[in-house]
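Q: Provide a 3D model corresponding to the input given below.
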Amino acid sequence: PIIPRGNDCLDAAKACNLDDTCKKYRSAYINPCTNSMSNEVCNRRKCHKALRQFFDKVPAKHSYGMLFCSCKDVACTERRRQTIVPLCSYEEKEKPNCLNLQETCKTNYICRSRLADFLTDCQPEPRSPSGCLKENYAECLLAYSGLIGTGITPNYIGSNSLSVSPWCNCSNSGNYIDDCLKFLTFFKDNICLKNAIQAFGNGTDVRLQPDQPVQSTTSPPPASHKPKTRVTDLLHFSNEIPTHNGQPACANLQQNKSVYPSYPINASHAPVQFLISNDMWLLFISMSVSLYMSVCLSLSIYFCVYAQKSKSNVSEDPQICVVEQTRGTNNIMDQISTEDSSESLSSLCPLLFTIATTHSLLITILPALRL
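A: Residues are numbered from 1 along each chain as shown. Coordinates of the predicted model:
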């Protein structure tokens, strides 16, 4: 490893003052992070916002130079730890539980998304030469700096190591102590983050912008050595109009006319469906009429027989009339109405027989109509 010379953190601060952009945004967060309020050390919300702007707007060579500078003495490491003004942006009166702090972070969309980036881009992998699963230090440093100014802002916790941690602990975790320690260890003992900070401070990794992730060394080798088809080749293949023997694709359609000749449609077959539907309608109507006529015939026979029987009973028993006369005026009227109904039923007989005859004729004619 390259041994650092002098106080790199002090040199980085001087370089920031010589750059207009870095000086502007550094002053913008120093003021709200150091000015105390009536009951508070500072305006924490404004301090966090100004810190986010500093790391978002200032070029990485200046912002990273102050945050990830390499140190060999306590004075340098303390300057590095004071870069984000931890008294305001980091420390609080009490340390909350790390799981509670994580849940609070998830309620804010900025904190939630940046924490997810950090957990992904700084995922450690001990079997990887870089110590990172994605093997990209620049992405890890970018994700870490993105957490500064959020509700889960991390900072250096010692003067002799590169260990970092948010302001929390795992006390009162109960049954979730393992989850809490796992979350806290991801910050404190993250080999990927430590290697990324050390590589930047030593100048062994000069990439300041994230590159595309490199395939992990733990992934299995390809099963075969056949050349892979590029995405552009696939797009070209799917959008290309095929040709056959130098002829366009439409030429095949012209040739297919001789292979599959078209047969003329006989117009006489067109109304077959219509004739079948008409025949079904005639059959339905004839069945309905037949049922109706059958009912009429049955009723005509019944009423005619009943009328003749009633008439014969009145004429054959004259004594009934004499007896009925002794029962009063009401009974006489009932007898008269009975005789009238019998006569009316008798008068219906010719009409009913006419309907029955019509029914017989329709039964004979309708089959001929269906043909």
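
Q: which residues in the stretch 51-200 of the chain form helices?
A: Residue ranges of the helices in the stretch 51-200 of the chain, as given by DSSP state H, counting those that start in this stretch, are 60-67, 74-81, 86-89, 98-106, 109-121, 137-147, 177-188, 191-202.

Q: For Cys33, which of those helices is the nearest?
A: The closest of the helices of the stretch 51-200 of the chain to Cys33 is helix 86-89. By Cβ to Cβ, the value is 4.4 Å. Heads up, the C-betas are built off the backbone N, CA and C, glycines and all.

Q: residues making contact with that closest one?
A: 32-34, 41-42, 44, 47-48, 51, 148-149, 153, 155 (Cβ atoms under 8 Å, 6 or more residues apart in numbering).

Q: again with stretch 6-23
A: Contacts for stretch 6-23 (Cβ under 8 Å, 6+ apart): 26, 57-59, 62-63, 65-66, 69-71, 73, 75-77, 79-80, 83, 201.

Q: about what we covered before: out of the helices of the stretch 51-200 of the chain, which comes closest to Pro129?
A: Closest among the helices of the stretch 51-200 of the chain, using Cβ to Cβ: helix 191-202, at 9.6 Å.

Q: In that closest one, which residues are buried?
A: 192-201 (16 or more other Cβ atoms under 10 Å).

Q: do stretch 109-124 as well
A: Quick answer for stretch 109-124 (16+ other Cβ under 10 Å): 111-112, 114-115, 117-118, 121-124.

Q: and those as a markdown table, adding distance to Leu10 and pLDDT?
A: Below are these laid out as a markdown table (distance: Cβ to Cβ, whole Å; pLDDT from 0 to 100):
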| residue | distance to Leu10 | pLDDT |
| --- | --- | --- |
| Cys111 | 31 | 97 |
| Arg112 | 36 | 97 |
| Arg114 | 29 | 98 |
| Leu115 | 31 | 98 |
| Asp117 | 30 | 97 |
| Phe118 | 28 | 98 |
| Asp121 | 29 | 97 |
| Cys122 | 27 | 98 |
| Gln123 | 33 | 97 |
| Pro124 | 31 | 96 |
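
Q: Save the helices of the stretch 51-200 of the chain as TSV, and put in distance to Leu162 too.
A: As requested, the helices of the stretch 51-200 of the chain are arranged in TSV below (distance: least, Cβ to Cβ, whole Å):
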stretch	distance to Leu162
helix 60-67	12
helix 74-81	9
helix 86-89	16
helix 98-106	20
helix 109-121	16
helix 137-147	11
helix 177-188	10
helix 191-202	5
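
Q: Ile355: which of those is closest?
A: Ile355 lies closest to helix 109-121 among the helices of the stretch 51-200 of the chain, at 86.9 Å (Cβ to Cβ).

Q: returning to that earlier point: closest one of the contacts of helix 86-89 to Pro96?
A: Taking Cβ to Cβ as the measure, Thr153 is the one of those closest to Pro96, at 12.8 Å.

Q: close enough to count as contact, that closest one and Val164?
A: No - Thr153 lies out of contact with Val164 (Cβ atoms under 8 Å); the separation is 10.2 Å.

Q: With neighbour numbers in mind, choose between these two.
A: The neighbour count for Thr153 versus Val164, taken as other Cβ atoms under 10 Å, is higher for Thr153 (22 against 19).

Q: Just give the closest residue to Ser171, not the sequence neighbours.
A: In this structure, Ser171 finds its nearest non-sequential neighbour in Asn97, 6.7 Å apart by Cβ to Cβ, 6 or more residues apart in numbering.

Q: If any of the contacts of stretch 6-23 are buried, put those into a ChimeraX selection.
A: Here is the ChimeraX command that selects the buried residues among the contacts of stretch 6-23 (16+ other Cβ under 10 Å):
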select :26,58,62,63,65,66,69,70,71,76,77,79,80,83,201
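
Q: What ranges in the stretch 201-350 of the chain fall below the confidence cut-off?
A: 205-283, 286, 289-290, 292-293, 296-297, 300, 303-350 (pLDDT under 70).

Q: and Trp167, how many neighbours?
A: Trp167 is flanked by 20 other residues according to other Cβ under 10 Å.

Q: Give me the phi and psi angles of it.
A: Backbone torsions of Trp167, given as degrees, to the nearest 10, read phi -80, psi 80.

Q: Do I have it right that it meets Lys93?
A: No - look at Trp167 against Lys93 with Cβ under 8 Å: they stay out of range, at 10.4 Å.

Q: so what's Val85 closest to, chain neighbours aside?
A: Per Cβ to Cβ, 6+ apart, closest to Val85 is Cys33, 3.9 Å.

Q: how would you label the one you found: helix, strand or coil?
A: Look at Cys33: counting by DSSP: H, G, I helix; E, B strand; the rest coil, its state is helix.

Q: And it, how far from Cys47?
A: According to Cβ to Cβ, to the nearest Å, Cys33 stands 4 Å off from Cys47.

Q: which of these two has more neighbours?
A: Neighbours per residue (other Cβ under 10 Å) separate Cys33 from Cys47, with Cys47 holding more: 26 against 23.

Q: Who are the contact partners of the more buried one?
A: 29, 32-33, 85, 88-89, 149.

Q: Is it within a helix or a strand, and which one?
A: Using DSSP states H and E, Cys47 sits in helix 44-57.

Q: Tell me which residues of that helix come out buried.
A: For helix 44-57, by 16+ other Cβ under 10 Å, it's 44, 46-52, 54-55.
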